[in-house]
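K.L.:
Next come a sequence and a model predicted from it.
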Amino acid sequence: MRAIVLRQYGGPEELRLEEVPEPVAGPGEVVVGVDAAGIQFVETQIRSGSMQGASPVAPTMLPWTPGREVAGVVESVGAGVDRQLVGRRVAGQTATGGGYAERAVLAVDGLHLLPETLGSAEAVSLLGTGRTAVALVETAGIGEGDIVLVESAAGAVGTLVLQLARAAGAGMLIALAGGEAKLGLAREFGADAAIDYTEPDWPEQVRRVAPDGVTVVLDAVGGPTGLSAFELLAPGGRFVIYGASSGSVTRLDPAAAAERGVTVSSYVGPPTGHRAPAVQLRQTREALVAAAEGRLRPVVGQRFPLAEASAAHAAITSRATVGKTVLLP
């Protein structure tokens, strides 16, 4: 079968289409014919070599086929798996990769059966991002009257968070994004104010719309942006870290946070506690059901053929994408 293979770390051009052996389902596993594979931002970082030893999903050695998020049709099952799954449309995450391919292996205990009302590209766009968005709203405890600052608001997680935070009762949604196209998308998905974080005075723009401060910051960027966002929090606010697209996680002074009564939480790290597998499975299922019922709209901003995985990675790293980027084998 055809698959994308990374043989050495580097730029997007290191992702090459090759013929590889067909996967075989082991006990408790299924082989899925991949209709759509999601691309995660962290996979672009892993490909570059910047995440070696820093991410539990990074490979211990090369060669490696990236891709954890897949949706498609079950073609075969391993020992102990109900054969009635063959022919069913499902979505799920691989253990360590392999999704940028025509076929992939998924564990049956992490499968989500897909209704006809949800396309494969839309479903795959909700696996990692959907559960993250649900988790962020839960972790931050977003509720009635909250003023929420959402970084990377035009991204796959950001557009979902805007919808979920509004449904949870948020009183004001302030979106940070770069460029008018992304700001327009954030407004489309519910932002009351959309501010370009590439403008030097963006913190002052936030203060003008929220003079008493924001109550929640959802930090996807880290670095200087995260630090500036922290300063915009009102006393007693909540700061939730879930990404570091700038290249570095926001490092906050615990004493400064305690002095202002700010609660700092993190949705990164090992799969324990609020990231436990059972919790994440429930959160993913909630996102998929909400989308199937029309209560949540995922944004599949870009679709690339499998052979153009390198172009997809290049688009993501150049900040030229909105919503989710998906490969179609």
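P.N.:
Received, thanks.
K.L.:
In space, not sequence, find me the middle residue of the protein.
P.N.:
Thr129 (3.3 Å; C-alpha atoms, centre = their mean).
K.L.:
would you say it is within a helix?
P.N.:
Yes. Counting by DSSP: H, G, I helix; E, B strand; the rest coil, one finds Thr129 located in a helix.
K.L.:
hang on, it packs against Gly158?
P.N.:
No. In this structure, Thr129 is not within contact of Gly158 by C-beta atoms under 8 Å, at 9.1 Å. Just so you know, the C-beta spots here come from the backbone N, C-alpha and C atoms, and that holds for glycine as well.
K.L.:
Now for the nearest residue in space to Ala154 that is not next to it in sequence: which residues touch it?
P.N.:
In this structure, Ala154 finds its nearest non-sequential neighbour in Lys182, 3.6 Å apart by C-beta to C-beta, 6 or more residues apart in numbering. By C-beta atoms under 8 Å, 6 or more residues apart in numbering, the contact set of Lys182 is 153-154, 322.
K.L.:
Could you export these to a markdown table, including columns for pLDDT and secondary structure?
P.N.:
Output for these, formatted as a markdown table (pLDDT from 0 to 100; DSSP: H, G, I helix; E, B strand; the rest coil):
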| residue | pLDDT | secondary structure |
| --- | --- | --- |
| Ala153 | 95 | coil |
| Ala154 | 93 | coil |
| Val322 | 87 | coil |
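K.L.:
Now which of the residues you listed would you call buried?
P.N.:
153-154, 322 (16 or more other C-beta atoms under 10 Å).
K.L.:
Distance check, the closest residue to Gly222 other than its chain neighbours against Gly178.
P.N.:
By the measure of C-beta to C-beta, 6+ apart, the closest residue to Gly222 outside its immediate chain neighbours is Ala244, 3.7 Å from it. From Ala244 across to Gly178, the span is 16 Å (C-beta to C-beta, to the nearest Å).
K.L.:
neighbour count winner among those two?
P.N.:
Taking neighbours as other C-beta atoms under 10 Å, Ala244 and Gly178 compare with Ala244 leading, 20 against 14.
K.L.:
per-residue confidence at that one?
P.N.:
Ala244 is assigned 80 on the pLDDT scale.
K.L.:
does it really touch Pro224, like I thought?
P.N.:
No. Taking C-beta under 8 Å as the definition, Ala244 is not a contact partner of Pro224, at 11.9 Å.
K.L.:
mind listing the strands in the stretch 201-329 of the chain by residue range?
P.N.:
In order along the chain, the stretch 201-329 of the chain carries the following strands (DSSP state E, counting those that start in this stretch): 214-219, 233-241, 263-266, 300-305, 324-328.
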